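Asks: just a sequence and a predicted model for now, questions to come.
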Amino acid sequence: MIDFTLPALGADMTEGKLLEWKVKPGDAVRRGQVVAVVDTSKAAVDVEIWQDGTVAQLLVRPGETVPVGTPMARLLAPGELPVARSRVSPAARQRAATLGIALESIAGSGPEGAVTLEDVERTAAAAATPAAAVASVPAGTGVGKVADMRAAIGAAMSRSKREIPHYYLAESVPMRRAQEWLETFNAGRPLPERLLMAVLPIKAVALALRKFPELNGFYRNGAFEAGKGIHVGVAIALRQGGLVAPALHDAADKPLAVIMQELSDLVQRARSASLRSSELADATVTVTNLGDQGVESVFGVIYPPQVALVGLGRVSLRPWAEEGVVRAVPVMQATLSADHRVSDGHRGALFLNEVRERLQHPETL
Amino acid sequence: MSLGPVPYDKTSSQALLADMLRIRRLEEAAAEWYGAGKIRGYLHLYIGEEAVAAGAMPCFHEGDDVVATYREHGHALMRGVPMNAIMAEMFGKALGCSRGRGGSMHLFDAGRRFFGGNAIVGGGLPLAVGLALAAQLQHEARVVACFFGEGAVAEGAFHESMNLAALWKLPVLFCCENNLYAMGTALARSESQTDLCVKAESYQVPALRADGMDVVSVRETTQQALARMRAGGGPAFVEYRTYRFRAHSMFDPELYRDRKEVEAWKERGPIHTFSARLKAEGKLTEEEFLALDARAMAEVAAAVAFADAAPFEPVSELGRDVVAQEEP
Amino acid sequence: MRTDPLYAQVIAVLQAIAPEVEAEDLVPGEPLRRQVDLDSMDWLNFLIGLHRAFQVDIPESDYARLVTLDDVADYLQKKTGSGTTRSG
Amino acid sequence: MKISYREALREALRDALASDPRVFLMGEDVGRYGGSYAVSKGLLEAFGPERVRDTPLSELGFVGAGVGAALGGMRPIVEVMTVNFSLLAMDQIVNGAAALRHMSGGQLHVPLVIRMATGAGRQLAAQHSHSFEGWYAHVPGLRVLAPATIADARGMLEPALACPDPVILFEHVRLYNLEGELGDDPSAWRCDIRSAAMRRAGDAVTIIAYGGGLLRALEAADQLAGEGIEAEVIDLRVLRPLDTPTLLGSVRKTHRAVVVDEGWKSGSLSAEIVARLMEGAFYDLDAPVGRVCSEEVPMPYALPLEEAALPQPGKIVAAVRTLLGKT
């Protein structure tokens, strides 16, 4: 028997509201399959499951808010035979039958997770209120939503500032070659195939992280855990306020066109509140790009339990001395906020240098 | 063993003989109907030992109490329990003296103060002590007849009861029917002291011995013991030396004793020896014997017919008589 | 404010990117990105939306000419050669 | 008026001896010694050696004599020092007293009261401390009582003596010194010997206890109340026949039950109660029925071991929490 628990879709998430089940008891599920949609207070997230199996019992009903770690469903492992019956107290079974409530939909709070009379009554009461309306409203709308997200971000950032000894580095990156390469690349392509400048530094950061694993991963339980891949969290501002930083998985291995496509997709889904749980939970580093907003540089707050954040500013023409000549050159400020418990400034500086050098050879990105 | 003259007149003598015949024919019929499957469970026959019940029981008054063992058909009959009720009980019928709840081992008749029918060896002795204690506390003159086999003297209940009865001077006549075998275990193989009277005397209980194959000896010895008791002398003990001709129960292959021994005891059978003496003394003719026997057999035949015809207790009545009907 | 169909179409494309935008709040002659919070991704998506709606290509070299909604509408009018769309 | 459990028992004996000449008390050291737990102290002087009768150490003999005396028209009260010793007399109780009415087709009955001390808590180890109430409660033909309050100690003897069948009355050794208020008027203790009693009302769980377990159950209930859990406490009072309707009624209300029994679990009275709840209230149960019983060891002597072996309020509280999913 496998318990499918509500995953933490980021450090700022302590609970989630189930909006919808995408599976029902008896369904076979595959690793990576989206099984539920959960409102994390930031977004409606498609939650994936990471084990193969067969859904035995759904323990949480749509509309219910449960803490992270709460068993949401029980699954039979591949090959596991179904137990004859789920744990339901006799009184609860009787009452559910009277009320016409499907027991599979009830989460048990009794001994050994058994469904109790009270669980049935509570479910019946919840069903009687127009809970369906709540579930159908997209996440991220309404004043309450924004306030919830504000609170969640506040909690995560407070924790970051409280726990993580940040250090900050900045480096100016000449972007002339990147711009020229991009213009050429885009010139021959229809609009949907064109790249944004934003994807180049993302790729450059991802590639640089291969050499600096101490900036890619998590600090948990008093120790650093290197990320199992390089999943770049891209900070995306939501139109109504707040932000999410879903992951671009394995960014170092993907061609720019693919990164562009995925980034575009992420932005769109972040704003329509349909991110996937792995996208929210997996990022091993964050890149925040406030260049569009016109600022020169950004010193970000690390998103725990990550250990580094790269900030990208506006690309602007600056006087730049190159080979003894001062020219007007497009330059971008790249910054690094990093966790001093894991790395120090020397390595951080080398990392920023690496990012800079990568951007001088855009054709290799 | 030489038997003296019978000290009773013709009528009394023939009555004793008739009783022994009634027991004998009852037991034979029980064996027959056991074989026919009408009687089941354990069935312990008294054949060979008739003189004890027939001789002793009439010595007790109507108001006295009787406690017996699981080999008690003869005792019940001698106490006056109708043969019909005894046979019906063995047949398991509702008209049996225990409404079919007891069977062969648990014959009861409260009205005749016949307290069973106890199938725990020695189990009746404390009961008898208590009955006697009640009599004493009620200042009533009744005594208690407590029959048990010699096997019971190995039980703690025997010793505790002898002691209590002696200590409190209770009117219990401990009637020990020593048929030499506790099931298949000979007395000498189970007791360090085989003189049972000595055991009783060790509790300060006066002990007498009777020839259990001789109805006269039984009757005289019992009277003697009772006379002392009724005079307020406390308990007494009588050992009746007897022998059962049949196996212990219907399940007993009798591996433990020699056929010759059985045959030798049969020579001393209580019925034919007593008949012979009565005939010799002119108190019985062969015709009279046959008539008595025929009457006994007729009574038994009628009892069997009665028992066979009697209904079983309805199963719906299963739960009755476990506790009182009325809630306390 | 402008009421011509082409302009309305442009506004519809914009609203797909930025749903919070109200047509009457927009000043056609003012730089669009000063009125609406559009980052480069939004801008790109806006252009892609126009591309799809009007079946026109918009080379990157033209991006600099598209500052106000008027600019955009005029550009599209020129490109499509009419005041109406060719697609539905 | 303040009175101890022991005194309440004694006063009940005194009433019985005074009001019915058929009643007499017998047992080991009930007379001159005053009773091994001093219950009968002073009664010899009041009623004489015939009616307050010391017996030899012959449990089989004198319990059997009690049965015989009852058959003979008396109303004996037999005291057996402890339930452990009663095993020596079990033949007379089970094969005799309990069976005679039925075995005789309803002709005989045995109006006998057997009192015995039961239970642990005095460091008397494995031959003086057990709780075999359940063994007797197993036997048809017997009525088994367990007074757990002063009033029941005072009140149960009278109906027990009036009962035409053998009654076993268990006095828990931890209760003898229990003191409480009891009025002078018989209405303060007059009671039946067929029904269980609710000693505390609650709605979250039913704690079923008897004898020495009742006080511990009540203590646990107080503790649970501090956590916002209102336990109903039912005192069985009568272990045979069980007042099943009262138990079912309470459990139908609370949907949960914990049975407290100082006997061992295996084959026990607690097992019987749980079975009855299953039979009669299965569809009302909201959690498995819990049990707090003695650990399955012969009662040890050393205090920490003895305490660990026995049902304690803490164990009852824990069992209730488990049922409520609050582990």
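Replies: Received, thanks.
Asks: how close does D:Ser104 get to B:Gly103?
Replies: From D:Ser104 over to B:Gly103 the distance is 12 Å, taken as C-beta to C-beta, to the nearest Å. Any C-beta I mention is one placed from the backbone N, CA and C, and that applies to glycine too.
Asks: and what of D:Gly106?
Replies: Going from D:Gly106 to B:Gly103 by C-beta to C-beta gives 15 Å.
Asks: and the two? which has more neighbours close in?
Replies: B:Gly103 (22 against 19; other C-beta atoms under 10 Å in any protein chain shown).
Asks: okay, now the residue in the stretch 151-300 of chain A that chain D sits nearest to: neighbour count?
Replies: Taking C-beta to the nearest C-beta as the measure, the stretch 151-300 of chain A has A:Asn221 as its residue closest to chain D, at 25.1 Å. Neighbour count for A:Asn221, taken as other C-beta under 10 Å: 7.
Asks: and A:Pro190, by the same measure?
Replies: By other C-beta under 10 Å, the residues close to A:Pro190 number 12.
Asks: same check, this time on D:His109
Replies: 21.
Asks: equivalent analysis for the one 4 residues further on, please.
Replies: When counting by other C-beta under 10 Å, one arrives at 27 neighbours for D:Val113.
Asks: what do you get for D:Ala318?
Replies: The number of residues packed near D:Ala318 is 17, by other C-beta under 10 Å.
Asks: measure it to B:Pro328 for me?
Replies: 38 Å.
Asks: same check on D:Leu9?
Replies: Shown here: D:Leu9 relative to B:Pro328, a distance of 19 Å by C-beta to C-beta.
Asks: likewise B:Glu313?
Replies: 25 Å.
Asks: could you do A:Asp46 as well?
Replies: A:Asp46 is 71 Å from B:Pro328, where distance means C-beta to C-beta.
Asks: with B:Arg241 instead?
Replies: Taking C-beta to C-beta, one finds B:Arg241 at 48 Å from B:Pro328.
Asks: ditto for D:Pro56
Replies: 31 Å.
Asks: between the two, tell me which one has more neighbours.
Replies: Taking neighbours as other C-beta under 10 Å, D:Pro56 and B:Pro328 compare with B:Pro328 leading, 18 against 12.
Asks: the residue lying closest to the more buried one once chain neighbours are set aside: how many residues sit nearby?
Replies: Using C-beta to C-beta, 6 or more residues apart in numbering or on different chains and skipping the chain neighbours, the partner closest in space to B:Pro328 is D:Cys163 (3.9 Å). Using other C-beta under 10 Å, D:Cys163 is surrounded by 22 other residues.
Asks: follow-up on the earlier one: pLDDT at the residue of the stretch 151-300 of chain A closest to chain D, what is it?
Replies: A:Asn221 carries a pLDDT value of 83.
Asks: how's the chain carved up into domains?
Replies: Because you didn't say which chain, this covers chain A. Domain ranges of chain A: A:2-133, A:144-364, per automatic domain parsing.
Asks: that answer is for a different chain, and I need it for chain D
Replies: If you go by automatic domain parsing, chain D breaks into D:2-188, D:197-323.
Asks: and these as a markdown table, adding distance to B:Glu286 and mean pLDDT?
Replies: Formatted as a markdown table, the domains of chain D follow (distance: least, C-beta to C-beta, whole Å; pLDDT from 0 to 100):
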| stretch | distance to B:Glu286 | mean pLDDT |
| --- | --- | --- |
| domain D:2-188 | 42 | 97 |
| domain D:197-323 | 62 | 96 |
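Asks: of those domains, which is nearest A:Glu118?
Replies: Across the domains of chain D, A:Glu118 has its closest neighbour in domain D:197-323 (7.6 Å, C-beta to C-beta).
Asks: please see if the closest one touches chain A.
Replies: Yes. Against chain A, domain D:197-323 shows contacts by C-beta under 8 Å from any C-beta of the partner chain at D:His255, D:Phe282, D:Tyr283, D:Asp284, D:Leu285, D:Asp286, D:Ala287, D:Pro288, D:Thr322, D:Leu323.
Asks: which of those has the most neighbours?
Replies: Neighbour max across the residues of domain D:197-323 next to chain A (other C-beta under 10 Å) = D:Asp286, 30 neighbours.
Asks: in the stretch 251-365 of chain A, what residue lies closest to chain C?
Replies: For the stretch 251-365 of chain A, C-beta to the nearest C-beta, closest residue to chain C: A:Asp292, 3.7 Å.
Asks: check chain D too.
Replies: Going by C-beta to the nearest C-beta, chain C is nearest to D:Gly325 of chain D, at 45.1 Å.
Asks: do I have it right that that residue meets A:Val115?
Replies: No. The criterion here is C-beta atoms under 8 Å, and D:Gly325 misses it with A:Val115 at 10.6 Å.
Asks: any residues in contact with both of these two?
Replies: Taking C-beta atoms under 8 Å, 6 or more residues apart in numbering or on different chains as the criterion, D:Gly325 and A:Val115 both touch A:Ser109.
Asks: on the three-state scheme, the closest residue in space to A:Pro305 that isn't next to it in sequence is what?
Replies: Nearest residue to A:Pro305 in three dimensions, chain neighbours excluded: A:Phe218, at 4.1 Å (C-beta to C-beta, 6+ apart). Three-state call for A:Phe218 (DSSP: H, G, I helix; E, B strand; the rest coil): strand.
Asks: what sits against A:Phe218?
Replies: A:Phe224, A:Glu225, A:Gly227, A:Thr284, A:Pro305, A:Gln306, A:Val307.
Asks: go ahead and build a ChimeraX selection from the buried members of the residues you listed.
Replies: Selecting only the buried entries of the contacts of A:Phe218 in ChimeraX, with 16 or more other C-beta atoms under 10 Å in any protein chain shown as the criterion:
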select /A:224,227,284,305,306,307
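Asks: which of the contacts of A:Phe218 sits closest to chain B?
Replies: A:Pro305 (71.6 Å).
Asks: any idea how far chain A is from the most centrally placed residue in chain D?
Replies: In chain D, the residue lying closest to the centroid (C-alpha atoms, centre = their mean) is D:Ala146, at 2.0 Å. Separation of D:Ala146 from chain A (C-beta to the nearest C-beta, to the nearest Å): 29 Å.
Asks: okay, and the closest residue to that residue other than its chain neighbours sits in which element?
Replies: Among residues not flanking D:Ala146 along the chain, D:Gly211 sits closest, at 4.0 Å (C-beta to C-beta, 6+ apart). Using DSSP states H and E, D:Gly211 sits in no helix or strand.
Asks: now for the closest residue to chain B within the stretch 201-327 of chain D: which residues touch it?
Replies: Of all residues in the stretch 201-327 of chain D, the one sitting closest to chain B is D:Pro241 (8.1 Å; C-beta to the nearest C-beta). Going by C-beta under 8 Å, 6+ apart, D:Pro241 touches D:Arg143, D:Arg194.
Asks: phi, psi for it please.
Replies: phi -80, psi 140 (degrees, to the nearest 10).
Asks: distance check, it against chain A.
Replies: On the measure of C-beta to the nearest C-beta, D:Pro241 and chain A end up 25 Å apart.
Asks: and that residue, how close does it get to D:Val251?
Replies: Using C-beta to C-beta, D:Pro241 is found at 18 Å from D:Val251.
Asks: do D:Trp135 as well
Replies: Separation of D:Trp135 from D:Val251 (C-beta to C-beta): 25 Å.
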